[in-house]
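# fold the stuff below for me.
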Amino acid sequence: MRRISVVIVLAACFLASSAYAVSEAYKGNIYDTGRLKPADSVLKVKVGQKAPDFKLKAISGKTVSLKDYRGKKNVVLSFIPAAWTPVCSDQWPGYNIVSDLFEENDAILLGISVDSIPTLYSWTRQMGDLWFEVLSDFWPHGAVASRYGVLRSDGTAERAIIIIDKKGVIRYIDVHDINERPSLESIIRPLEKLR
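Numbers count the residues shown, from 1 in each chain. Got it, this is the predicted structure:
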């Protein structure tokens, strides 16, 4: 029952906010991208396939590898286009509100952006503490996004959610309209199926 009420509250918050960051911390700092082509890449992975491994630097100073979680946790990859943009600046802070839903589903969230570590560090400090690792796919530029097929022609990543089970197999893919946040329900439901 608690989970349903949290999802309803979060959905209401997301629906009530505009496409721009709602936090006052961002006032005057968000770059307006305007409306973008909803998707601009060719997916290179599919459901049922082993997820390509990667090693990326995190803003925490750690180096994170997908295989670190094999046999331990389901993994939700959240690719976002760019720091300091409207939708991205709302999407990741929203996951803080429902971190317990990831925990209930034995899942870890990894946020991935093609931005550099200093940019991601500064941007996420504005959000407050995020409970998940934020990873930089900056150099070689967008290599992980490219391996998954979510690197756009302008060098940013798609807004994509990829769910990988404990065996390292891709179980869900959503290359979302870059102009919109993926719903929390679209992440939690596939995770619940992995229980």
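# what ranges do the strands span in the protein?
55-58, 63-65, 74-79, 107-113, 133-136, 159-164, 170-176 (DSSP state E).
# let me see the residues that make contact with the fourth one.
Strand 107-113 is contacted from outside by 56, 64, 66, 69, 73-83, 88, 92, 95, 102, 120, 130-137, 144-145, 157, 163, 191, 194, using Cβ atoms under 8 Å, 6 or more residues apart in numbering. Glycine gets a C-beta too; all of them are placed from N, C-alpha and C.
# if we can go back for a sec, ok, which of the strands of the chain comes nearest residue 43?
Comparing the strands of the chain against residue 43 with Cβ to Cβ, the closest turns out to be strand 170-176 (6.2 Å).
# span of stretch 132-150 from start to end?
By Cα to Cα, to the nearest Å, the extent of stretch 132-150 from end to end equals 21 Å.
# for it, buried residues please.
Buried positions in stretch 132-150, judged by neighbour count with 16 or more other Cβ atoms under 10 Å: 132-138, 142, 144-150.
# contact partners for residue 105?
74, 188, 191-192, 194-195 are the contacts of residue 105 under Cβ under 8 Å, 6+ apart.
# how does it look with 6 Å?
residue 191 (Cβ atoms under 6 Å, 6 or more residues apart in numbering).
# low-confidence stretches in the protein?
1-28, 30-31, 33-34, 36 (pLDDT under 70).
# grab the most central residue of it for me.
residue 78 (1.9 Å; Cα atoms, centre = their mean).
# verify the stated contact: residue 57 with residue 137.
No: taking contacts as Cβ atoms under 6 Å, residue 57 lies outside contact range of residue 137: 9.3 Å.
# mind checking how far the residue nearest to the centre of the chain is from residue 61?
20 Å (Cβ to Cβ, to the nearest Å).
# ok, the closest residue to residue 47 other than its chain neighbours - how many residues close by?
Distances taken as Cβ to Cβ, 6 or more residues apart in numbering put residue 170 closest to residue 47, at 5.5 Å, once the chain neighbours are dropped. Residues near residue 170, counting by other Cβ atoms under 10 Å, number 20.
# now swap in residue 61 and tell me
8.
# what is the burial count for residue 172?
If we define neighbours as other Cβ under 10 Å, then residue 172 has 18 of them.
# all set, thanks.
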